[in-house]
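model this:
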Amino acid sequence: MPSADTHTVHALYTEHHGWLSTWLRRRLGCAHSAADLAQDTFVRVLLRPQVLLTLREPRAYLTTLAKGVVSEHWRRQALERAYIDALAQVPEALALSPEDRLQLLQTLDAIDAMLDGLPPKAREAFVLSQLEGLTYAQIAQRLAVSERTVKRHMALGFAHCLALVE
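Residues are numbered from 1 along each chain as shown. Below is the predicted model:
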């Protein structure tokens, strides 16, 4: 990162980190999570320093980034809760080790992140097909759409995943 960008990011962080942490704390109700998500928000700033050159409303920009980070946080928590609930149904003899649980949870989180850019219906169709093993006809019935629409959703899902892999 060029020196000018470093100074700009540093100034943005210095001027707005406290405000952003407070904003996040009000929404999350947890100072620790707010601190973590504030840092995640500034990591996103670091990933796109070129945006800072034309930035007129830094708090609006940070709010937009933070909303995405919060959304990912809640989705990840929901995924973890669903996983823990599913594990509670598994007989103890078949239970996974803590290491295997962590690896599986990280894999689920990675899959969730991969599918994040898909429209909701395409995402749901892709998950129903690839994780639940439903046929296109079953997916069409469940989503109340045509099989042709399911095929389009699946093509979009596969294209999205392939683009991320490349």
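
Report the contact partners of residue 28.
34, 37, 70, 73 (C-beta atoms under 8 Å, 6 or more residues apart in numbering). From N, CA and C alone the C-beta is placed, and that goes for glycine too.

Among those residues, which has the minimum pLDDT value?
When those are compared by pLDDT, residue 73 scores lowest at 88.

Which helix or strand contains that residue?
If you go by DSSP states H and E, residue 73 is part of helix 58-88.

Show me what that helix packs onto, helices and strands only.
helix 3-28, helix 31-47, helix 98-114 (3 or more C-beta pairs under 8 Å, 6 or more residues apart in numbering; DSSP states H and E).

SS state for residue 96?
Following DSSP: H, G, I helix; E, B strand; the rest coil, residue 96 is assigned to coil.

where does it fall, phi/psi-wise?
With angles defined as degrees, to the nearest 10, residue 96 sits at phi -80, psi 160.

tell me the pLDDT at the residue nearest the centre of the chain?
Nearest to the geometric centre of the chain sits residue 72, at 3.6 Å (C-alpha atoms, centre = their mean). At residue 72, the model reports a pLDDT of 84.

residues in contact with the helix-or-strand element of the chain with minimal mean pLDDT?
One helix or strand of the chain scores below all others by mean pLDDT, DSSP states H and E: helix 98-114, with a mean of 80. With contact meaning C-beta under 8 Å, 6+ apart, helix 98-114 is reached by 72, 75, 76, 79, 80, 83, 87, 96, 160, 161, 164.

I'd like the next helix or strand past that helix.
With DSSP H and E, the next secondary element past helix 98-114 is helix 120-130.

follow-up on the earlier one: and the helix holding residue 73, what's buried?
58, 61, 62, 63, 65, 66, 69, 70, 72, 73 (16 or more other C-beta atoms under 10 Å).

same question, stretch 86-99
For stretch 86-99, a neighbour-count test (16+ other C-beta under 10 Å) marks nothing as buried.

Serialize the helices and strands packed on helix 58-88 to CSV and add fields for distance to residue 145.
Listed next are the helices and strands packed on helix 58-88 as CSV, based on distance: least, C-beta to C-beta, whole Å:
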stretch, distance to residue 145
helix 3-28, 34
helix 31-47, 34
helix 98-114, 22
